[in-house]
Structures are given as structure tokens and as C-alpha cells.
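Participant: Show me how the following folds:
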Amino acid sequence: MMRPRALLEEMFQAAINAAQPALCLPQHLPPPPKGRLVVMGAGKASAAMAKAVEDNWAGDISGLVITRHGYEVPCNRIEILRASHPVPDDSGMKAAQRMMALAQSLTAGDLALCLISGGGSALMPLPMTGMTLADKQRINKSLLASGATISEINCVRRHISAIKGGRLAAACHPARVLTLLISDVPGDNPVDIASGPTVADPTTGKDAAEILRRYNIDAPPALSESVKQLDNEEHRLIATPKMALDAAAKIARRENIPVHFLGDAIEGEARALGASMARQALAQNQPCVLLSGGETTVTLRGKGRGGRNVEFLLSLALTLNGAADIYALAGDTDGVDGTDDIAGAYAAPDTLQWARIAGLDAAQALENNDAHSFFEALGDSIVTGPTRTNVNDFRAILIAPRRPATA
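Facilitator: Down below sits the predicted model:
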């Protein structure tokens, strides 16, 4: 068998590769419309998606997409705009205003090809009437620190926005809208991917207000209603977390290691999940890989550098407490776990031992939400750089074959 770290890193890279737009997008391109093909989009994968469209579209094409700083890909006919993530900024707001103006310029016979991926919600902030960008930033920061699920966060975002919750597709009328989606959300619900700018939304402003009350976040006096029905829109999922995990599983099976899928839509507190999965790993009596995805949450208690995947991993390592032959890697497929440009980290049976030698307190690091600093000090951070895709969290726990005892 390969060395555990090399195997886990190859599995992680296979998951990322499976969701690359150049691979998964071309077969979903539509036939040429009678009028213009205009591209719009937002997300960490949107620039790479735009490049895949350009490379595979022979006719006229124009448009713009918004991506995170560092995730841009040069395009010749589609304009690439950059904005801040995860906290929205003025550049994103101005880009969203341009996108809505472009949508409103479409006519019957035109086709809006919308390229939507994870991160798009923060990248195209357009406050509802009566709200400022500063209001959105405050609410967004509070939600991210509260432990709210991504579905709850996106529900609120749809009801404080002038572009999300189907409003972009509505602005395109009478043109048709085809949305190509790379999912980064548990359950792959299109309304939660970038807060659903081009799909109808069944949730209400009352739902959003209740979420804000639940997490003690001040709400605006009134929340806007999203679009409940669209007759000009079609959407297709072109990459999902399950597809990425399937690609990773092939690597493990190549090494004759059985794979147990724990789920691709797992939510909950990162540290609680880490402890739970550690117990599952300890219960295994045969070599295998426990593979899972989804999106956990972190309730901020300390002032560390955070990251839900590394928080999961540190909690797992503490619960395993040096158990032999168990290795793990957890990372975000977009290359950014939390706010640091670090995808995740790797843990081994000797992680806690090396930490003690280095003078690191693993339990204190977890309590302070500072797992990035912990793993970085050990040289166990996983840094991919911008992956230009996003199918959410990747978690692999390897229960390795036991080494034969030496005489």
C-alpha cells in the first residue's frame, strides 16, 4: 500500500479533479439560441466554468461572471470580475448591479447561460431596498459565527437580497435561462447553491426572520419575498459532492482498500462530528477508508484561525488519542477552509505526540478554534492553492493494514 499521507492526498486531489469545469461542463452546453447567448455567473468555480464555455462554444458569446480574488481564469469574450469572500464587499455589489442590468437587457430569443457555484452568494451581494451593504456584512458575519447551517444562512441571504432567490432569472424575462450548477451544499438543493439566484424559492421572509431570532441576530424591520415561480428557467447539476467522493473512492479501491461511504450531505458541529467519526474508526476491525462529505459548522468560542475541516480533524485526533494505524485528511475542495488559503490538514497516530514535543496544546487549540495554527506548526497543513471548483468538504479516514510485528 502507498504511504498513508500520499494515498489520502491523492484521493483528495481526485475529488477536486472530478469537479473541474473543463471535465464536467461541456456536455451540458445547450444548442445555439435564436438570439444572443449571454453568460452570467458567480462562485469560486465561475471563471473556470466561463473558460470551459468559451473553449467549447463556436458562436458569438458575451457576458460576465464574478469570482473570488485569486480564482480568476483569463477569458477572451466573457468578462471576469473579482470580489471578496466570505464577507461581501463593494466590488461584489457593483458587479451584481452590472449583472442585473445585463439581465434586464435581454430580449425574447436570447438565452442567459448562468454559471453558478459555491461562494456565489457572498460574491454578488445586492442589498434589498432599505438595506445597506454594511447591514448585509454584519448579518453575514454574525451568521457565519453562529453555528447556523448553510441552508439556514442561505435562506436569510435570499430574503435580504435583490438578486438571489430567483430574482436574477426573473430579471432575464422574456429570455430563457439555463443554469449550470456545481453543488457545494448538503442535499444539492439548487435553491441553496449561491442562494439560488435563478431558481424559485419556497421559503418566506417569515422563515428567514425566525432563523435570525434563533441565533439572536438583529433583523431588518421587514424582509423581502423571493420569487416563488419561474416559467423561463431550467437548471442542471453538473458536479456534486457525491461525484467527487466517487472519484476518491476509486483511488482507495485501486489499492485494494474497501471504502465505506458515510454520506455526502453530513452537517452538524465540526468538533462533534470529529469525535463521532473517531469512534466509528475505532470500531472498525478491518482495513478500510471511511469517506464523507457535506458541510459542517463551527460555533466560534475563541479567537483562533478557525476552519471547519481542521476543527473536525483536531477533534478526531483528540478522540483517537494516538490510536494505531488510523490516519485522516479533511479539507475543503475549493482550497480554502475558513478564511485562510489552506485547504485542510492531515492527522496521523503520532500527531498528538509531535504536538507535545513542539509544546502545542491540542485541547486548547480546539477550544480556541485555532486548528489551522496547530496543524501548520506541525507541517501538516494541506495547501492546494485555488482549485477553481467547489464541491464542499472532503473527509477520509484510513484504517490501514496493521504492520507485521517485528521479532
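Participant: How about stretch 314-325, which residues are buried there?
Facilitator: Neighbour-count burial for stretch 314-325 flags 314, 315, 316, 317, 318, 319, 320, 325 (criterion: 16 or more other CB atoms under 10 Å). The way it works is simple: take the backbone N, C-alpha and C, and place the C-beta from them, glycine included.
Participant: Which of those residues fall within helices?
Facilitator: 314, 315, 316, 317, 318, 319, 320 (DSSP state H).
Participant: which non-adjacent residue is nearest residue 63?
Facilitator: Nearest non-adjacent residue to residue 63, counting by CB to CB, 6 or more residues apart in numbering: residue 39, 3.2 Å away.
Participant: All the strands of this protein, in order from the start?
Facilitator: Listed in chain order, the strands of the chain (DSSP state E) span 37-42, 62-68, 79-83, 111-117, 176-182, 233-239, 259-266, 288-294, 326-332, 344-347, 381-382, 393-399.
Participant: right, and those - which one's nearest residue 223?
Facilitator: strand 37-42 (21.6 Å; CB to CB).
Participant: Quick one: list the elements packing against the closest one.
Facilitator: Packing partners of strand 37-42 (3 or more CB pairs under 8 Å, 6 or more residues apart in numbering; DSSP states H and E): helix 46-56, strand 62-68, helix 90-104, strand 111-117, helix 120-123.
Participant: so which of the ones you listed comes closest to residue 239?
Facilitator: Among the helices and strands packed on strand 37-42, if distance is taken as CB to CB, the winner is strand 111-117, at 8.4 Å.
Participant: Could you tell me the angle between that closest one and helix 90-104?
Facilitator: Counting by axes from the mean of the first three to the mean of the last three CA atoms, to 10 degrees, strand 111-117 lies at 150 degrees to helix 90-104.
Participant: Who does strand 111-117 pair with, and is each partner parallel or antiparallel?
Facilitator: Taking DSSP bridges as the criterion, strand 111-117 pairs within the sheet with strand 37-42 (parallel), strand 176-182 (parallel).
Participant: contact partners of that strand?
Facilitator: 29-30, 33, 35-46, 49-50, 53, 63, 65, 103, 106, 168-169, 172, 175-182, 184, 193-194, 197-198, 389-390 (CB atoms under 8 Å, 6 or more residues apart in numbering).
Participant: buried residues in stretch 97-115?
Facilitator: Neighbour-count burial for stretch 97-115, counted by 16+ other CB under 10 Å, picks out 98, 99, 100, 102, 103, 106, 110, 111, 112, 113, 114, 115.
Participant: Dump the ones in helices among the buried residues of stretch 314-325 into CSV; add distance to residue 239 and pLDDT as well.
Facilitator: Shown next, in CSV, are those (distance: CB to CB, whole Å; pLDDT from 0 to 100):
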residue, distance to residue 239, pLDDT
314, 29, 98
315, 29, 98
316, 27, 98
317, 30, 98
318, 33, 98
319, 32, 98
320, 32, 98
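Participant: tell me which of those is nearest to residue 293?
Facilitator: Nearest to residue 293 among those, counting by CB to CB, is residue 316 at 15.4 Å.
Participant: Please name the nearest non-neighbouring residue to the closest one.
Facilitator: Leaving aside its chain neighbours, residue 316 sits nearest to residue 274 (3.9 Å; criterion: CB to CB, 6+ apart).
Participant: Can you report how many residues neighbour that neighbour?
Facilitator: 28 (other CB atoms under 10 Å).
Participant: Tell me how far the closest residue in space to residue 315 that isn't next to it in sequence lies from residue 263.
Facilitator: Nearest non-adjacent residue to residue 315, counting by CB to CB, 6+ apart: residue 274, 3.0 Å away. Between residue 274 and residue 263 the computed distance is 15 Å (CB to CB, to the nearest Å).
Participant: What of residue 355?
Facilitator: Taken as CB to CB, the span from residue 355 to residue 263 is 29 Å.
Participant: can I assume residue 315 is in contact with residue 366?
Facilitator: Yes. With contact defined as CB atoms under 8 Å, residue 315 reaches residue 366; the gap is 6.0 Å.
Participant: Give the residue spans of the stretch 301-407 of the chain that score low on pLDDT.
Facilitator: 403-407 (pLDDT under 70).
Participant: Identify the residue nearest residue 183 in space, chain neighbours excluded?
Facilitator: Excluding the flanking residues, the one nearest residue 183 by CB to CB, 6+ apart is residue 240, at 4.7 Å.
Participant: What of residue 218?
Facilitator: In space, residue 218 is closest to residue 212, 7.4 Å off (CB to CB, 6+ apart).
Participant: just to revisit the earlier point, would you turn the helices and strands packed on strand 37-42 into CSV with mean pLDDT and distance to residue 221?
Facilitator: Listed next are the helices and strands packed on strand 37-42 as CSV, based on pLDDT from 0 to 100; distance: least, CB to CB, whole Å:
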stretch, mean pLDDT, distance to residue 221
helix 46-56, 98, 33
strand 62-68, 98, 29
helix 90-104, 98, 21
strand 111-117, 98, 30
helix 120-123, 96, 23
